[in-house]
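Student: quick one, what's the 3D model for this:
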Amino acid sequence: MRDTALQAAEATLPPTRTMRPSRAVAARRLLSPLLRRILLVNALPVALLAVALLYLDDYQEGLVDAAVAGLRTQAQIYAGAIGESATTVENPDAPTINADLARPLLRRIVEPTPGAQARLFGPGGVLIADSRVLPGPGGTVITEPLPALDEPRGPLGRLVERGYDAAMALLVRGLAYPTIPEGADWMPDLAAFPRIAEGEAPPVLRRTADGRLVISVAVPVSRNRRTVGAVVLTREAREVDEAVFQVRMTILATVAAALVVTVGLSLYLAATIARPVRRLARAAERMREGRGRSGSVPRDLLTRRDEIGELADALDESATALWARVDAIERFAADVAHEIKNPLTSIRSAIETLRRLDDPERRQRLLAIMAEDVQRLDRLISDISDASRVDAELSRTPTERVDLGPILATLAELNEATRSEGGAHIVVEAPAEGLAVQAVEGRLVQVLRNLIANAVSFSPPDGTIRITGKQSGGIVEIAVEDEGPGIPEARLEHVFERFYSERPRGEKFGSHSGLGLSISRQIVEALKGTITAENRRGKDGRVCGARFVVRLPAA
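Tutor: Numbering: from 1, shown residues only. From the prediction side, this is the model:
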């Protein structure tokens, strides 16, 4: 019968789902979602910081302004030298530039500056001298080629810089300068400086076809406070590009190192969190499938002193409690089968005997036995049903504040009203109010009635049952005492076991199912309390009754 009951219970359970091997293998091959989240959370701040650091427009503008200021100062020196040394003052009101003097002078003063070119313009924008143009033999003109602009970076450096520029163009608005067409003269015309006559001409900033920055400034040439021409000086600002490039490379190297450390820490974090969680999930799956009664949770996870260790401990304790509950259910099913089998066997024997009897008196006696067995079965099944519902009901029903004083007084009054002749009297020694506990009132009343009924059944005729109640600290204590024969010392704990019955002499067999005290303990422990049994002893040390003590947390 036990096997049949267990099979029926298992049939009501939902079917278990297992992961297909192919999906499990695919899941292991892919990066776990938790690891992806850890990488994202750790790498995102580094990436945002990198973007913020790599946005170097303000830094680059400062370098360009410094380069422009230096080039303008240099051009002003050139203009001052030409104004003082290469002008004629035959007419003080109209000084002019002497081209023969200005050409060699412009060449000599520009020559120490590598990669620079200067042009001298007269009134009306007429080109007078160029630092790269010299007169040749026979009146011909020789143009000295400009030295090739040095490339401080190799192909890899240019590739990195162009990639960076492209990325920054997508993210932020960077500094943009006009591009000098390939093969075109890099020296701007005087028309590019419309306010040169006022001495406030802004610089001209451009880039070559290969991306190098070129700066051009123009300053007026004056003599006797009169403007006689203008000097345009152009130079590659290689120090600006080089400084920005070095800063970029430093930032990129730092970010790369930070990302390597971030990925390493993320993998370590995943190894200490994601993998243990996955191992705990597999342990829970083994428990669900019933493949491990103990040791399902890895021992090394139980020894951890962090949240994973707490989770492992909780899972291990849950597994232990679950298996204990399964064992209890199996024992309960076996006990139920045994208790039900006895009256069924008696009924079956009576029916078989009844078929062979013709004596009406004996037939009536057998029918009476069958009726008693049926009543016993009905009582047993009712108590079993009540015992099986206690845990589920207490887990669903919220507790409330219950005052035990009025309940004890009411139970004593009911006993006096229904007491038969020679029955036991109940004396309550407890405050009328103030014994408050947090409980489910109906189930707590059931515990007290079970204890009172048990004391009544063992009390002598006209005996006294004493119920005392008091509060000590945060514990409310209720004691039920009788004047019966007491409990055998070896059976003090067994009285709370299911179907245990230690009945007084002369009581009719089968009047009790043996579940009353077991249900009482089940209810009290669910309410976070304890219930114990002990013997009362007189002054001479002899047993003079039994005492059941219930202790519950005070509300």
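Student: what residues are up against the residue lying closest to R72 once chain neighbours are set aside?
Tutor: Sequence neighbours aside, V217 is the residue nearest to R72 in space, at 4.7 Å (criterion: Cβ to Cβ, 6 or more residues apart in numbering). Any C-beta I mention is one placed from the backbone N, CA and C, and that applies to glycine too. Applying Cβ atoms under 8 Å, 6 or more residues apart in numbering to V217 gives the contacts 68, 71-72, 75, 201, 203-204, 232-233.
Student: give me that answer again for 6 Å
Tutor: For V217, the set of contacting residues under the criterion of Cβ atoms under 6 Å, 6 or more residues apart in numbering consists of 71-72, 75, 203, 233.
Student: of all these, which comes closest to P343?
Tutor: For those, the closest approach to P343 (Cβ to Cβ) belongs to P203, at 112.5 Å.
Student: on that earlier part again, any idea which element the residue nearest to R72 lies in?
Tutor: Secondary structure from DSSP states H and E places V217 in strand 213-223.
Student: for L344, same thing?
Tutor: When the helices and strands are read off by DSSP H and E, the one containing L344 is helix 307-356.
Student: and after that helix, which helix or strand comes next?
Tutor: Secondary structure here is assigned by DSSP H and E; on that basis, the next helix or strand after helix 307-356 toward the C-terminus is helix 360-396.
Student: now the angle from that next one to helix 307-356?
Tutor: For helix 360-396 and helix 307-356, the angle between their directions (axes from the mean of the first three to the mean of the last three Cα atoms, to 10 degrees) works out to 170 degrees.
Student: helices of the stretch 451-555 of the chain, start to end?
Tutor: With DSSP state H, counting those that start in this stretch as the criterion, the stretch 451-555 of the chain has helices at 516-526.
Student: try the stretch 151-300 of the chain
Tutor: With DSSP H, counting those that start in this stretch as the criterion, the stretch 151-300 of the chain has helices spanning 155-171, 238-288, 299-302.
Student: residue furthest from the geometric center of this protein?
Tutor: Ranking residues of the chain by C-alpha distance from their mean position (Cα atoms, centre = their mean) puts E90 at the top, at 89.6 Å.
Student: pull the contacting residues for that residue.
Tutor: Contact criterion Cβ under 6 Å, 6+ apart gives no residues in contact with E90.
Student: can you classify it as helix, strand or coil?
Tutor: Using DSSP: H, G, I helix; E, B strand; the rest coil as the criterion, the local structure at E90 reads coil.
Student: between the helix holding L344 and helix 238-288, how big is the angle?
Tutor: Computed by the same axes, to 10 degrees, the angle between helix 307-356 and helix 238-288 is 20 degrees.
Student: packing partners of helix 307-356?
Tutor: Using 3 or more Cβ pairs under 6 Å, 6 or more residues apart in numbering; DSSP states H and E as the contact criterion, the elements in contact with helix 307-356 are helix 2-12, helix 238-288, helix 360-396.
Student: turn the ones you listed into JSON lines, including mean pLDDT.
Tutor: As requested, these are arranged in JSON lines below (pLDDT from 0 to 100):
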{"stretch": "helix 2-12", "mean pLDDT": "40"}
{"stretch": "helix 238-288", "mean pLDDT": "79"}
{"stretch": "helix 360-396", "mean pLDDT": "76"}
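Student: for the ones you listed, which one sits closest to A490?
Tutor: helix 360-396 (24.6 Å).
Student: and the strand holding V217 with helix 238-288, angle?
Tutor: Orientation note: strand 213-223 sits at an angle of 150 degrees relative to helix 238-288 (the same axes, to 10 degrees).
Student: list the strands paired with strand 213-223, with their directions.
Tutor: Strand 213-223 has the following sheet partners, assigned by DSSP bridges: strand 204-207 (antiparallel), strand 226-236 (antiparallel).
Student: for G516, find the nearest of those strands.
Tutor: When the strands paired with strand 213-223 are compared for distance to G516 using Cβ to Cβ, the nearest one is strand 204-207, at 97.9 Å.
Student: now do the strands in the stretch 401-550 of the chain.
Tutor: Per DSSP state E, counting those that start in this stretch, the stretch 401-550 of the chain carries strands over the ranges 425-429, 436-439, 464-472, 475-481, 530-537, 543-553.
Student: tell me which residues of the shortest one come out buried.
Tutor: The neighbour-count criterion (16 or more other Cβ atoms under 10 Å) identifies 436-437, 439 as the buried residues of strand 436-439.
Student: neighbour-wise, which one of the contacts of V217 leads?
Tutor: Using other Cβ atoms under 10 Å as the neighbour test, the contacts of V217 are led by L233, with 26 neighbours.
Student: quick check: bridge partners of that residue?
Tutor: A118, V217.
Student: need the distance between the two termini of stretch 472-490.
Tutor: Distances were taken as Cα to Cα, to the nearest Å; on that basis the terminal residues of stretch 472-490 are 29 Å apart.
Student: pull the residues that contact it.
Tutor: Defining contact as Cβ under 6 Å, 6+ apart, one finds that stretch 472-490 is touched by 435, 437, 451, 455, 458-459, 463, 465-470, 533, 535-536, 543, 545-552, 554.
Student: return the members of those classed as buried.
Tutor: The neighbour count (16+ other Cβ under 10 Å) marks 435, 437, 451, 455, 458-459, 463, 465-469, 533, 535-536, 545-552 as buried among the contacts of stretch 472-490.
Student: count the neighbours of R376 for me.
Tutor: Burial of R376 is recorded as 21 neighbouring residues (other Cβ under 10 Å).
Student: now I251
Tutor: In terms of burial, I251 registers 17 neighbours under the definition other Cβ under 10 Å.
Student: cool, and E393?
Tutor: Count around E393 with other Cβ under 10 Å applied: 15.
Student: again, but for the one 4 residues further on
Tutor: Neighbouring residues of T397 were enumerated by other Cβ under 10 Å; the total is 13.
Student: so what's it up against?
Tutor: Under the criterion of Cβ under 6 Å, 6+ apart, the contact list for T397 reads V440.
Student: ok, now how distant is it from V440?
Tutor: 5 Å (Cβ to Cβ, to the nearest Å).
Student: now stretch 527-534: buried residues?
Tutor: Buried residues in stretch 527-534, defined by neighbour count with 16+ other Cβ under 10 Å: 527, 529, 531, 533.
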